[in-house]
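[1] Fold the following for me, if possible:
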Amino acid sequence: MVKLSDRHGFEVRLGTIRAPNGARRVEGFFKRVGYHARRSAKSSRAAARYGRGYYQSPSKVAWSRRVMVKVSIVKIAGKGFGAQRAHLKYIERDGVGEDHQRGILYSDGDRLSSQDWDMDRELDGNDLETLAHDREHITPADFLARSKEDRHQFRLIISPEDSHQITDLKRFSRDLVRQMEKELGTKLDWVAANHYDTAQPHIHMVIRGKRDNGKDLVMPPDYITHGIRSQAQELVTMELGPINEFELQQRRWDGVYKERLTFLDHKILRLSESREIDLTSDKARRSVDRHLLRDRLGRLTDMGLAEPLGKGRWQLDPEMGPTLKRMGERGDIIKQLRKDLKKQALSRWVDSCSVYDPSGRAAQTLTGRLIDGGTHGDLHQKGYVVIDSLEGRAVYVDIGSSKKLSGLKPGMIISVEPHPWAPKPSDRTIETVARQNNNLYGYKEHQRVDRSVRIKYVEAHLRRLHALERAGIVKRIETGEFRIPEDYLERCSAHEFEKAKRRGPEISIDSELTLSQQTQTRGRTWLDQQLRDHPEQNPHSTTFNTESFGKDLQQARQARRQFLFEQGITPSMDMPVTDQYLDKLEAMDIQDAAKAISKEYDLSFNNDFKHGRVEGELMGSIERPSGKYAVIQRAREFSLVPWSDELSRKRGRQISGQVMGRSIRWERGRDRGLGR
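    Numbering: from 1, shown residues only. Prediction:
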């Protein structure tokens, strides 16, 4: 055996091993080994305590590629199954794939279901090519069938910062899932789709909440929060390489001037105390980004979100974080709005006023032509519409629930109402009674103010107070009455406003017909109401874009006047449009509808109601340019009357009502069924 001293001219001599905590005392070799063994055992016990998928966050590496991962755990039992179907439909909708194509679902290319081929049949080259295509472009039906009985599922959005440089996002998704399967100790059943509808290509992934042994899949919280993102970052860094120092510094400098919430803002908020930051403090001096923080605070000062106090100190605006977040969202919306308009070859103004804010004090009703609608908020699937306004500006409106998109089609005329600020009428009654009873409200207190009040009326107000009690606005005392605060109405207004914000603004369809269709329609239209309510053209018409909705409206008004004159509705084109002419149009519309129904069902039309009453069986309803009408049959005759929402559940039943001008007061009665 050759000794080290013989080959290299020196002899290795073991030195003293000192304590790992930095102390100067000498430790023995076996004591040192035992120390590390105990630490390893402690880590193993911790991992075993959390189970498979336990993740310990490594030290942050500044030059690793960043990846944003959002995870949502969704219950799909019961009604959640319909939401699952809607989510899959959302991620494979039109316009989100490459070149504005439809989103394509894919999964693990190595996994074949039992329906893919006959196990007893030998596959040739053509079969293999067909199966490869089927695995590449799967349908959601099989995935929905497999997950129908699942308790929950995981929905992920994976967005690498440098996703446009990744060669194949599908391969990246599959590699990430394989890493997750190793960590979780189970095969995963999943589907995904790549989206290119934003400046940052990203991946939508849905993972079943089942392990390969049929048990529920549970991911540790720490793994959801850090583990998936860390694995994704490692994969991107392996493919693209680490960020070089120049690129890293460039990204840091970009955060100084952006009008959105950046990593520098997060650091500023962490270093601040009582909304004040001091860059001369020991805590701030230790930050490697101190020079960037100073420049960012200067930018925030220009934006009115910070105020210099001198000597390296700034006072921060209380709403700095939320304001920057809203500014970033507004900027993203404007970019997407311009992209959508370019795709549809529309020339419209897009600026800071192109985002409708229904919560503003000065917010007004917005009426215009629907350009497009869709969903945003990848996890929650909120809805939005883009409206072509009279001023030639495309306006983006966040409508809250995507269910409001049902029935909306491009070209319709719609209106958006701002959020209400006023309290309910019952709140004003409660406030009036409480002020006369030492700020208390109850049945006795209300009776002192109004002796004729009915108990059901008071119970309705008490139910309102119970709801406000859960919201923390009022308190109930031991005797059962409610203590009403001095600022009760202000609190109720704020409460109603917050509820309205969660619901989104109210949308109403003014006309399902386009402007060009309304000009030649035999019936009362939205365009006719505009001619009646605004006989003169808009005084700001000179400011209209040559391709704006306002300009189209002017031309449609002129064409509609000519049509009314040619049909003999108005004696001349310059004659003002009144309710008398609108009634003629509605009568023409009803007659056209009655002819079609009479021909189809062999019934006679009769709208002459005896003694001002309408009776018969509700056959259904029809949509006409003049509105929605109920079809009521009596013997071999039928009538058409204005529709009311209270008739929605009375189809096929006997109804009766009193005609009162253009409306009908429907009477409550027993249903007439078999045996009656």
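[2] so what does the helix or strand containing Lys283 touch, helix or strand wise?
    Take DSSP states H and E as the rule and Lys283 turns out to sit in helix 282-285. When contacts are defined as 3 or more C-beta pairs under 8 Å, 6 or more residues apart in numbering; DSSP states H and E, helix 282-285 packs onto no helix or strand at all. All C-beta spots, glycine's among them, are computed from the backbone N, C-alpha and C.
[3] Name the residues of it that are buried.
    Buried residues in helix 282-285, counting neighbours by 16 or more other C-beta atoms under 10 Å, are found at Ala284.
[4] swap in stretch 451-463?
    For stretch 451-463, burial by neighbour count (16+ other C-beta under 10 Å) applies to 453, 458, 461-462.
[5] try stretch 319-334
    Applying 16+ other C-beta under 10 Å to stretch 319-334 flags 320-321, 323-324, 327, 330, 333-334 as buried.
[6] circling back: now, which of the buried residues of stretch 451-463 sits nearest Asn439?
    For the buried residues of stretch 451-463, the closest approach to Asn439 (C-beta to C-beta) belongs to His461, at 15.1 Å.
[7] Quick one: classify that closest one as helix, strand or coil.
    helix (DSSP: H, G, I helix; E, B strand; the rest coil).
[8] when you give positions from now on, start the count at 11
    Sure, I'll start numbering at 11, so the last one becomes His471.
[9] Could I get the pLDDT score of it?
    Looking at His471, its pLDDT is 94.
[10] With Ala33 instead?
    46.
[11] quick one: secondary structure of the closest residue to Pro581 other than its chain neighbours?
    Spatial nearest neighbour of Pro581, chain neighbours left out: Phe575 (7.7 Å); criterion: C-beta to C-beta, 6 or more residues apart in numbering. With three-state DSSP as the basis, Phe575 sits in helix.
[12] Now do the contacts for Phe575.
    Phe575 makes contact with 581-583, 585, according to C-beta atoms under 8 Å, 6 or more residues apart in numbering.
[13] now the strands for the stretch 461-610 of the chain?
    Assigned strands in the stretch 461-610 of the chain, in chain order: 485-486, 492-493, 516-521 (criterion: DSSP state E, counting those that start in this stretch).
[14] Next, name the residue at the spatial heart of this protein.
    Taking C-alpha atoms, centre = their mean, the centroid of the chain lies closest to Lys392, which sits 1.9 Å from it.
[15] Let me know whether it touches Gly410 as I believe.
    Yes - between Lys392 and Gly410 a contact is recorded at 6.1 Å, counting by C-beta atoms under 8 Å.
[16] shared neighbours of these two, which are they?
    Contact criterion C-beta under 8 Å, 6+ apart; residues shared by Lys392 and Gly410: Gly514.
[17] ok, Glu506 - contacts?
    Glu506 neighbours (C-beta under 8 Å, 6+ apart): 430-434.
[18] just Met670 next, same as before
    Gly622.
[19] Next: Lys180.
    Taking C-beta under 8 Å, 6+ apart as the criterion, Lys180 is in contact with 116, 202, 204.
[20] now, which of those residues sits nearest Gln528?
    Asn204 (41.5 Å).
[21] so where do the helices sit in the stretch 161-310 of the chain?
    Listed in chain order, the helices of the stretch 161-310 of the chain (DSSP state H, counting those that start in this stretch) span 179-194, 231-232, 238-250, 255-267, 273-281, 292-295, 300-312.
[22] Now render these as TSV, adding distance to Gly482 and mean pLDDT.
    Listed next are these as TSV, based on distance: least, C-beta to C-beta, whole Å; pLDDT from 0 to 100:
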stretch	distance to Gly482	mean pLDDT
helix 179-194	41	94
helix 231-232	29	92
helix 238-250	37	93
helix 255-267	38	82
helix 273-281	27	90
helix 292-295	36	81
helix 300-312	34	90
